[in-house]
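1. predicted model and sequence follow; I will ask about them next.
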Amino acid sequence: MLSSVKSSLRELVLDITGVEVVSDDTDLIETGTLDSLALVSLIMELENSFSVSIDFDDIELESFRSVSSVCDLLLRLQA
Amino acid sequence: MHLELDKQRHFQLFTTCPQSKDVPLELYYNQVIEVARWAEEAGFEGILVYTDNGLVDNWAVAQVILEHTQRIAPLIAIQPIYMHPYMVAKRIATFAHLYGRKVYLNMLAGGFKNDLSAMGDNTPHDDRYKRTTEYSLIIRGLLESQSAFSFEGNYYQVKNLKMTPSMPTDLLPGILISGSSEAGMQASRDIGASAIRYPKPVGQEQQMTEEVAPGVRLGIIAQDTSREAWRQAHERFPETREGHVAHKLAMKVSDSQWHHELSDLSKKPVSEENPYWMGPFQNYQTFCPYLVGSYEKVALELKRYYDLGFDIFITDIPNSKEELLDIQKVYELALTESLVAC
């Protein structure tokens, strides 16, 4: 299940940014893959695709730093 | 619009130029010209031209404005990390030489934090204001001095530097500075600049006692009735999940004091009778508070800001010429002595 979630996330990042993420631990923010606009788009897609609600008061930016961290976030929200 | 209410004070009205990231590429050049001309015809003193890493060059936009208008002054946002102050002074002197026109400067200390970091700048908030102070003093010194100018600061040093071409005294730029923190206010005093802020509701603002009158940046939507004004406001700035997320994200990455103050303010509901509205800010559609209501209601609110000592008013990017004419109407009404509380 984890691998399919990560696969879906990599596809989402590719759709939004046009960048193919090679590693699930690649720093998406530091590398410039996710700028502010792309991050907003990603969050909207995460909410739509995974039926979660992301409350920014409870979440840090670190949660979106890599495919792995986003996956962890989704699993926490869905629990 | 530069209305002299009494011998001591001047009421200055500016609007804002559209941003390149908000307008299709093929339309942007003409839209800059169109909005600048609208503002000029509506009697505005100047037009703010933003700068950040995501926009086209502000000086080029300012030049387009100068070349296609007669009188209106570009209010050029200046971020020190982008160029040496000598070059800023040079460009101002060059504009004066080529066009015989005055500009205003909106000095910035901050910006989007990611923008500054990408440029290798991690200077702390208060130090950025000290840097902007030195930067501004050099610009002013170069333009005002008829002989060589020297300045020895912590961030900038120039020695026996002379500006060519020389600057006509009547075209010296007006200087504003964005910032409401104590560091920002101190910078405004040290520079002799007008401090510009995104204001709180007028009832929460203090009487201003600054030597150089400060200003505010406010959007305005005014119509014959408050109902119509609010209808237009909600139509223009609909509440969206995407906007809400963008706003929250911006709060996470911003170290701007005003950004957080406004964000805290937006959490407190205001009554429908109160024209002060943070909706567009909460949805990341603009950075400024809005005043929404009938012409009389909004005019009364503006007069209250003016009575507190704010002389400069910078409005948001306009949607139409009619919007600027509505704003002009509101300001003229605000200056009418017969205006009473309604």
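-> On my side now, so go ahead. This structure is a prediction, so every number in the text was calculated from the model and none was measured.

2. distance-wise, check B:P289 relative to chain A.
-> 21 Å (CB to the nearest CB, to the nearest Å). Just so you know, the C-beta spots here come from the backbone N, C-alpha and C atoms, and that holds for glycine as well.

3. that residue touches B:I221, doesn't it?
-> No - B:P289 is not in contact with B:I221 according to CB atoms under 8 Å; the separation is 11.7 Å.

4. the two: who's more crowded?
-> Neighbours per residue, other CB atoms under 10 Å in any protein chain shown: of B:P289 and B:I221, the larger number sits with B:I221, 28 against 25.

5. what's the burial count for A:F56?
-> 15.

6. likewise for the one 10 residues further on?
-> Residues near A:S66, counting by other CB under 10 Å, number 24.

7. and the residue lying closest to it once chain neighbours are set aside, how close does it get to B:Y129?
-> With sequence-adjacent residues excluded and distances taken as CB to CB, 6 or more residues apart in numbering or on different chains, A:S66 is closest to A:D25, at 5.2 Å. Separation of A:D25 from B:Y129 (CB to CB, to the nearest Å): 38 Å.

8. element containing the residue of the stretch 1-150 of chain B found nearest chain A, please.
-> Among the residues of the stretch 1-150 of chain B, B:N114 lies closest to chain A, at 7.0 Å counting by CB to the nearest CB. Using DSSP states H and E, B:N114 sits in helix B:113-118.

9. just how off-centre is that helix within its chain?
-> Its chain's C-alpha centre and that of helix B:113-118 lie 21 Å apart, by CA atoms, centre = their mean, to the nearest Å.

10. what's the answer for stretch B:202-217, then?
-> 15 Å.

11. likewise for stretch A:39-55?
-> 8 Å.

12. cool, stretch B:229-245 as well?
-> Taking mean C-alpha positions (CA atoms, centre = their mean), stretch B:229-245 and its chain are 22 Å apart.

13. may I have the secondary structure class of B:I76?
-> Put simply, B:I76 is strand when judged by DSSP: H, G, I helix; E, B strand; the rest coil.

14. how many residues are close by it?
-> B:I76: 27 neighbours (other CB under 10 Å).

15. mind checking pLDDT for it?
-> At B:I76, the predicted lDDT confidence score is 98.

16. with B:I139 instead?
-> For B:I139, pLDDT reads 98.

17. verify the stated contact: it with B:V88.
-> Yes - counting by CB under 8 Å, B:V88 is a contact partner of B:I139 at 5.2 Å.

18. anything in contact with each of the two?
-> Shared contacts of B:I139 and B:V88 (CB atoms under 8 Å, 6 or more residues apart in numbering or on different chains): B:L105.

19. returning to that earlier point: OK, contacts around the residue nearest to A:S66?
-> A:S66, A:V67, A:S68.

20. could you check how far it is from chain B?
-> For A:D25 relative to chain B (CB to the nearest CB), the value is 21 Å.

21. give me the secondary structure label for that residue.
-> coil.

22. helix/strand/coil for residue 33?
-> Looking at chain A here, since you left the chain open. coil.

23. ok, the spatially closest residue to B:G309 that is not a sequence neighbour - how many residues close by?
-> Closest residue in space to B:G309, ignoring its immediate chain neighbours: B:M208 at 3.2 Å, by CB to CB, 6+ apart. Neighbour count of B:M208, defined by other CB under 10 Å: 16.

24. same question, the one 4 residues further on
-> One way to gauge burial is a neighbour count; for B:V212, by other CB under 10 Å, it gives 18.

25. wait, the residue of the stretch 1-150 of chain B closest to chain A touches A:L37, no?
-> No - here B:N114 does not reach A:L37: they are 11.5 Å apart, not a contact under CB under 8 Å.

26. those two: which is more packed in?
-> Shown here are B:N114 and A:L37; by other CB under 10 Å, B:N114 has more neighbours (17 against 14).

27. the more buried one and B:D52: what is the separation?
-> 10 Å.

28. likewise for B:A229?
-> B:A229 is 30 Å from B:D52, by CB to CB.

29. neighbour-wise, which of those two wins?
-> Of the pair B:A229 and B:D52, B:A229 is the one with more neighbours under other CB under 10 Å, namely 24 against 17.

30. contacting residues for the residue of chain A at minimum distance from chain B?
-> Residue nearest to chain B within chain A (CB to the nearest CB): A:F56, separated by 3.6 Å. Taking CB under 8 Å, 6+ apart, we find A:F56 in contact with B:V245, B:K248, B:L249, B:M251, B:K252.

31. rerun that using 7 Å as the cut-off
-> Going by CB atoms under 7 Å, 6 or more residues apart in numbering or on different chains, A:F56 touches B:K248, B:L249, B:K252.

32. name the element the most centrally placed residue in chain A belongs to?
-> Closest residue to the average C-alpha location of chain A: A:V70 at 4.3 Å, with CA atoms, centre = their mean. Using DSSP H and E, A:V70 sits within helix A:67-78.

33. gap between the closest residue to B:L171 other than its chain neighbours and B:M83?
-> Excluding its sequence neighbours, the residue lying closest to B:L171 (CB to CB, 6+ apart) is B:A96, at 4.3 Å. Separation of B:A96 from B:M83 (CB to CB): 18 Å.

34. who's more crowded, these two?
-> Taking other CB under 10 Å, B:A96 and B:M83 do not tie; B:A96 has more neighbours (21 against 14).

35. hmm, who's touching the host helix or strand of B:A222?
-> Element membership of B:A222 [criterion: DSSP H and E] is strand B:219-223. Here strand B:219-223 makes contact (CB under 7 Å, 6+ apart) with B:229, B:232-233, B:280, B:286, B:288, B:290-295, B:298, B:315-316, B:326-327, B:330.
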